[in-house]
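Visitor: Coordinates for the following, if possible.
(2 chains)
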Amino acid sequence: MSKFAGINNAEISSGQAAKILIMFAQGSAALILPSAVTAIAKQDGWLSMLIAGPFNYFILLVYLALADRFPNMSLAQYAEKIVGKWAGKALTFIYILFFLLLSALVLRNISDFMSLSVLPLTPEWFIDSTFMLVVIYGVFLGIETIARTGEILFGWGMLVIVIIIFSLFNQFSFQNFEPVLYEGVLRPLKGVYPILGFPIGEFVFITAILPLVRKQDRKKLRKSLKTSVLLITFLSVLITVFLVGVMGVDETSRSPFAVYDMAKNINIEEILVRVEILVAMVWIGTVFMKLALCVYVLAVLTAQMLNLSTYRTLIVPYAFIIVPLSLIAYRNVAHSRVFAMGVWTVYSLFHGFLLPFLLLMIAMIRKQRDSSDGGFPEIKPQKSQDAQQTDMTNEKIGTPDQEPAKA
Amino acid sequence: MFGPGSQGNSKAGKKAMKSSPRAEKHEKEQLDPYENKPLSLTISENMESIKKELGESQDIIFRELTLVDRNQTKALIVYVQGMVDDERLDEFIIQPLHRERFPLDEPVEPKELLAVIKANILSTGIVTDICDWKLLFQKLFMGYGILFVEGSDQAVGANVIGGARRGIEEPKTEMAIRGPREGFTESIRTNTSLLRRKIRSPKLWMEQWTIGEISQTPVSIMYVKGLADENVLKDLRERLESIRIDGILESGYIEELIADQKWSPFPTILSNERPDAVAGNLLEGRVAILVDGTPFVLVVPAILNMFFQASEDYYQRFDIATFLRMLRFVSFLIALLMPSVYVAIVSYHQEMIPTQLLLKLAAQREGVPFPAYLEAFIMEFVFEILREAVVRMPSAAGNTISIVGGLVIGQSVVEAGIVSPAVVIVVSFTAIASFVSPTYSLGIAARLLRFILLLAASTLGFYGIGLVVLLLLLHLSNIRSFGMPYIKPFAPFYLNDMKDTLVRAPLWLMRKRPQKLGNQNMVRQDIEPEVRKEPEQ
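Guide: Okay, the predicted model is just below:
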């Protein structure tokens, strides 16, 4: 068959990468994070969101710098180049654990939400498993499919946000924001803390996506990512502003799924009432994107660490780990709040910022650059054994400094 | 009938000859008994062989005659009654052979005689040399008159194709208020000529195959050279040549055999009955596949968006066309989702219903013995039965069925309190919405998926609908039609192509052709430079 047979499932455009980032950032955070932030920063929560905006991009700079040095490799691959084979594999293993836990937590988010608000009588494991089935299908189809689905879901999500925002104008009250900066600038600064871990630290997933961006789109990549960071910040601020404006600080910080509760307030002429299920539908989509990306990165990193020829065989086994793990990860929603606001930031920033930063430092000191092909697992099955071996030898030759490697 | 299209005919004949070695190569594997089997030198032996091979079928006519050359050579004309035009056979083959003085004074070899007949006497447009049995039978059953001459192991076939065929009529499936009234017919030559009349450019190229080991059906592809993507063409040729089947009775066979997605409810190949719609697609760089014996012409690559377009959209003002487009999209969503959304709301999310309406619904459902999802299932199923019954029935019986369906089932089921009126309203509204789709094949997808969604909604409410819709989205994002992502202008997102999707932008804004189709030449308007810039092929 020709190249159109749908096998080459491994190229996305820069615009798709940007939309993936937005979906990932707003994925589970949009519903949960605002209440955590307003609990700390009270009515200045929106300022925290605004302050956190630039950090979204700062953390990406590290990944982009690494991607400049190793344009065709994912984290698992350049880690081996930078700190050596075995240390690199150990590092990848740490990331695998990180993404395993992250996947479980994201899955738990959706089942918590469903069983608390929409389907109170359905057991959590059933919701978890059905959702995981869809995720398995999505990850199995590959990153291109996930990216395209993301584009559709992105449009749908934006539409619903606009609908909800417009329907809530009549209940918006500026009094809820007063007094601004009541306890000085320190309080909104403290509010940034949970945002740093969730979702900013988790952005490290994009190290496995960047090498898949189409070669001719690489130049546009920075611009698209900047746009997406702007949009992420704008959306977070908008959501927080409306939460506080409509529901007030107390209710916002108490509600486990604030946007969902906010949508319950919609009431236009007694006809358009209780459309919160729309929010739930959007959230199913965004959480799906986040979870699919996590599982995809998890499977790809593992396959690359173990030098497998495809990541697809790993999806179902991982699903069997993720579903039980999500059920035992924490006890209840209150527990998860403490976990997300206290522990998670440190854990996630360690993986999301510290380790990549150290890798970048070492690579800069050792002046390492390598544009050899990372040999993405999906392409490998087409090659014969010999081709793979020559591939490996090529990589070995490529390791010593290929200086002007930038295309 | 073939007057203006004669140029097309001869070209087609040439192409057929060119592509025949390719087809023959495949058939060698099948050990065709007629392949390369030579004809006999005597007429009587040939006639006996034909009679034997065809089991003395009565519709094969053998006309023996004596030529008026010096030798008084015997000749034989064979044809299939009903497949040739009798008048043309008389006028262009038999009469000249009888009457014309042969321009020969000397007696000549039978082979030369045949050449002279071919050159000077037969006055039909297409004349073919025949030297083996395979070609003989192929031409015989296409409706050629075959002429044998005593002493020659060759024969000559003359095109006198005729016989009763349906004329050009208004298409039945895609009616239009404004637009051309002609539709494709069952004859492939008429169909190709209809397309040539729309696009009178030397760039409109055609290739032809004979597919079907037994049915020997002519299948052509037509495209505008320079606009159609060469990769798509190459792919299409490969797929057509790899077809091994004994008969092609309708283009549906081809569609199913060459489609990228064998397991998808969504059509990845557009079938259309309207020459103007197909011509429009050719101008956008797509490829048409014409099959003899069916008025349905296939168009590839087909993306989801194309199934919402009617050719009339382009003949009306853009604002009304845009409105109709959106109406179709919304109707498709209603046809797909409405019963499941109803079931989800009534059984899981009652809080979404305004209080007044909720009270009404609750009062209706008082005393209904079945849960909402069962009601919906039953009524949907009944509707599908009714629909199928009406489609296959003669129109006289159709009226009875609609009375029984509408009055007996619709009304009495509600009055008896077996099904609540709300479900009947939902199901009938869904039914009407499902008829809005301009293409039949997409409507079928909605019909099938509706039941899956209903199942999901009755087990998990909106969450279930969300999951199935996600699965559908993933599936739609994954499938391709000849390399083209199925939901293309939406994802991957192409702003320029969005002008012809949910909206139909004014023609003066649609300056460019859809991306990634005929990428050699993007500009649609300012046509002038287009013809000049063609790469030489």
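
Visitor: ok, and the helix or strand in chain B with the lowest average confidence?
Guide: helix B:528-533 (a mean of 38; mean pLDDT, DSSP states H and E).

Visitor: got a list of what A:Met262 touches?
Guide: Shown in contact with A:Met262 (CB atoms under 8 Å, 6 or more residues apart in numbering or on different chains): A:Ile164, A:Leu168, A:Phe242, A:Leu243, A:Val246, A:Met247. No exception for glycine: its C-beta is placed from N, CA and C like everyone else's.

Visitor: Now do the SS call for it.
Guide: helix (DSSP: H, G, I helix; E, B strand; the rest coil).

Visitor: got a list of what the closest residue to B:Pro506 other than its chain neighbours touches?
Guide: Spatial nearest neighbour of B:Pro506, excluding adjacent residues (CB to CB, 6 or more residues apart in numbering or on different chains): B:Phe318 at 4.4 Å. By CB under 8 Å, 6+ apart, the contact set of B:Phe318 is B:Arg504, B:Ala505, B:Pro506, B:Leu507.

Visitor: Ok, B:Leu460 next?
Guide: A:Leu119, A:Thr122, A:Thr130, B:Leu467.

Visitor: go on, B:Arg325?
Guide: B:Phe308, B:Gln309, B:Asp313, B:Thr501, B:Leu502, B:Val503, B:Arg504.

Visitor: contact partners of stretch B:378-388?
Guide: B:339, B:370, B:401, B:405, B:409, B:419, B:423-424, B:427-428, B:430-431, B:447, B:450-451, B:454.

Visitor: got the residues of the stretch 151-300 of chain A near chain B?
Guide: A:151-153, A:155, A:270-271, A:273-275, A:277, A:280-281, A:284-285, A:288 (CB under 8 Å from any CB of the partner chain).

Visitor: Swap in 10 Å and give it another go.
Guide: Applying CB under 10 Å from any CB of the partner chain, we find that the stretch 151-300 of chain A lies next to chain B at A:151-156, A:264, A:267, A:269-278, A:280-285, A:288-289, A:292.

Visitor: Among these, name the buried ones.
Guide: A:151-154, A:156, A:264, A:267, A:273-278, A:280-285, A:288-289, A:292 (16 or more other CB atoms under 10 Å in any protein chain shown).

Visitor: Need the pLDDT of residue 2.
Guide: Picking chain A for this. For A:Ser2, the pLDDT comes out at 29.

Visitor: ah, I was thinking of chain B
Guide: Taking B:Phe2 on its own, its pLDDT is 37.

Visitor: for the one 5 residues further on, same thing?
Guide: Note on B:Gln7: pLDDT of 39.

Visitor: the helices in the stretch 201-350 of chain A, which residues?
Guide: A:218-254, A:258-264, A:276-305, A:315-328, A:333-338, A:344-349 (DSSP state H, counting those that start in this stretch).

Visitor: for the stretch 51-200 of chain A, same thing?
Guide: A:75-83, A:85-113, A:124-141, A:143-167, A:186-197.

Visitor: can I get those in JSON lines with mean pLDDT?
Guide: Formatted as JSON lines, the helices of the stretch 51-200 of chain A follow (pLDDT from 0 to 100):
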{"stretch": "helix A:75-83", "mean pLDDT": "89"}
{"stretch": "helix A:85-113", "mean pLDDT": "92"}
{"stretch": "helix A:124-141", "mean pLDDT": "94"}
{"stretch": "helix A:143-167", "mean pLDDT": "91"}
{"stretch": "helix A:186-197", "mean pLDDT": "88"}
